[in-house]
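>>> What follows is a predicted structure for the sequence shown.
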Amino acid sequence: MKRKGYIPAVLGVFILAAGCTAPEGQDEVKTPPAADLAPLVRQALLADAALEKAALDFREQNFGLAAGEVAQAQQALRRVARLQLPLAVAAQHVYTADVNLRFADAPGRALAELEAARNFLAQILLETGEAGNPVLATGDASAGKAKSASCVACHGADGNSVNPEWPSLAGQHPDYLVKQLRNFKDGERSNALMSPMAAPLSEQDMQDLAAFYASQAPKPGQADADLFEQGRAIYRGGNMSTGVAACIACHSPSGAGNPAANFPSLRGQHATYTANQLKAFQRGERANDAGKMMQNIAARMTEAEMQAVASYIQGMQ
């Protein structure tokens, strides 16, 4: 009973210290004046990171660490008054998730609450123009199909690659695809095949291609039965002993990703490609992830963990 009382107390203090409570009904996030964007974004990111760590430590029952991380989030929140209400709401989602996961034996509800917290913070960053630097693709799928002729050899006529070394693009969020093409073109992301292919593309070309591939239906893959349990455990819960965050927080329980935050859909992606990208993030060969999020996660993963979670992702539908 003592343990149960401690968790509500910590997050309850956080929410009350923020000077507000979660409103009933739909949450509203207002875009601040342009001059305030930089500090808003900086403090939102700090609070988001602290809340994520707190949620993980609550699950691990490291209550002392969690309390300190909640305090860090509170400090970041206090620096910018405009963020008090949104972050208090996000903290409430995290708290509800934890209670459901530990005390109500309702893991499905808990996962939904955690996703709600992350999505709410993603909405804040989107409102301030920082959610993965979204490019808001508005392309023409028909034009994109015509322009995709040179892409077919690697990515398939419908965006479903037959070579596991190359990614399937069918059903991917258009904003994410545009960002990757822009990064290949400007050198932020490098690949011997893709960099020269992206070099001559105009902004409209990129948006049209993205619209076409986003409109295609992805074909499901199959997970390796021997790796399934380990892969599922990593995807859903990470590895608390080594600090590997769960994939589910950003890429959703179904693997569909989070388009508002520009987190890509992963479900059905080739295991070989996914594992190769994790290794590239780990080695610093790929570094176009916002806030080094993927680099930091991959740095803590073993090759066996990469292979297992990549296989699990391939089987997601």
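Right, received. Where do you want to start? From a predicted model like this one, the values you see are computed outputs, not experimental measurements.
>>> where in the protein is pLDDT low?
Using pLDDT under 70 as the threshold, the predicted model of the chain has low-confidence ranges 1-137.
>>> 80 - rerun?
In the prediction, the chain carries residues with pLDDT under 80 at positions 1-138, 249, 260-261, 291.
>>> May I see the domains of this structure written out as residue ranges?
Domain assignment of the chain by automatic domain parsing yields the ranges 11-127, 141-214, 228-315.
>>> roughly how far apart are the residue nearest to Ser254 when sequence neighbours are not counted and Gly255?
Here the nearest residue to Ser254 in space, its sequence neighbours aside, is Arg267; by Cβ to Cβ, 6 or more residues apart in numbering that works out to 6.4 Å. Where you see a C-beta, it was placed from the backbone N, CA and C, and this is true even at glycine. Using Cβ to Cβ, to the nearest Å, Arg267 is found at 3 Å from Gly255.
>>> repeat for Asp226
20 Å.
>>> Among these two, which residue is more densely surrounded?
Regarding Asp226 and Gly255, a neighbour count based on other Cβ atoms under 10 Å identifies Gly255 as having more, with 21 against 10.
>>> helix, strand or coil for the more buried one?
Remark: Gly255 carries the secondary structure label coil [criterion: DSSP: H, G, I helix; E, B strand; the rest coil].
>>> going forward, begin numbering at 351 instead of 1
From this message on, residue numbering opens at 351, which makes the last subject Gly605.
>>> hmm, back to that, mind listing what the residue nearest to Ser604 touches?
The neighbours of Arg617, taking Cβ atoms under 8 Å, 6 or more residues apart in numbering as the test, are 568, 570, 604-606, 663, 666-667.
>>> of all these, which comes closest to Gly581?
For the contacts of Arg617, the closest approach to Gly581 (Cβ to Cβ) belongs to Ile663, at 7.4 Å.
>>> any idea which helix or strand carries the closest one?
Counting by DSSP states H and E, the element that carries Ile663 is helix 653-665.
>>> Okay, buried residues for that helix please.
By neighbour count on 16 or more other Cβ atoms under 10 Å, the buried set for helix 653-665 is 655-665.
>>> could you dump those to CSV with distance to Phe631?
Formatted as CSV, the entries for these read as follows, by distance: Cβ to Cβ, whole Å:
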residue, distance to Phe631
Glu655, 13
Met656, 10
Gln657, 15
Ala658, 16
Val659, 13
Ala660, 12
Ser661, 18
Tyr662, 18
Ile663, 15
Gln664, 18
Gly665, 22
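>>> thinking Leu543 is in contact with His505, fair?
No: in this structure, Leu543 sits apart from His505 without contact. The criterion is Cβ atoms under 8 Å, and the distance is 10.8 Å.
>>> With neighbour numbers in mind, choose between these two.
The neighbour count for Leu543 versus His505, taken as other Cβ under 10 Å, is higher for His505 (22 against 12).
>>> Pull the contacting residues for the more buried one.
The contact partners of His505, by Cβ under 8 Å, 6+ apart, come to 498, 511, 516-519, 563.
>>> Out of the residues you listed, grab the one that's most surrounded.
Greatest neighbour count in these, by other Cβ under 10 Å, goes to Tyr563: 28 neighbours.
>>> tell me, what's touching Arg617 and Gly605 both at once?
Applying Cβ under 8 Å, 6+ apart, one finds that Arg617 and Gly605 are jointly contacted by 663, 666.
>>> Now for Tyr651: which residues touch it?
Just so we're on the same page, residue 651 is Met rather than Tyr. Neighbouring residues of Met651 by Cβ under 8 Å, 6+ apart: 589, 592, 594, 628, 632.
>>> how does it look with 6 Å?
Residues counted as contacts of Met651 (Cβ atoms under 6 Å, 6 or more residues apart in numbering) are Val594.
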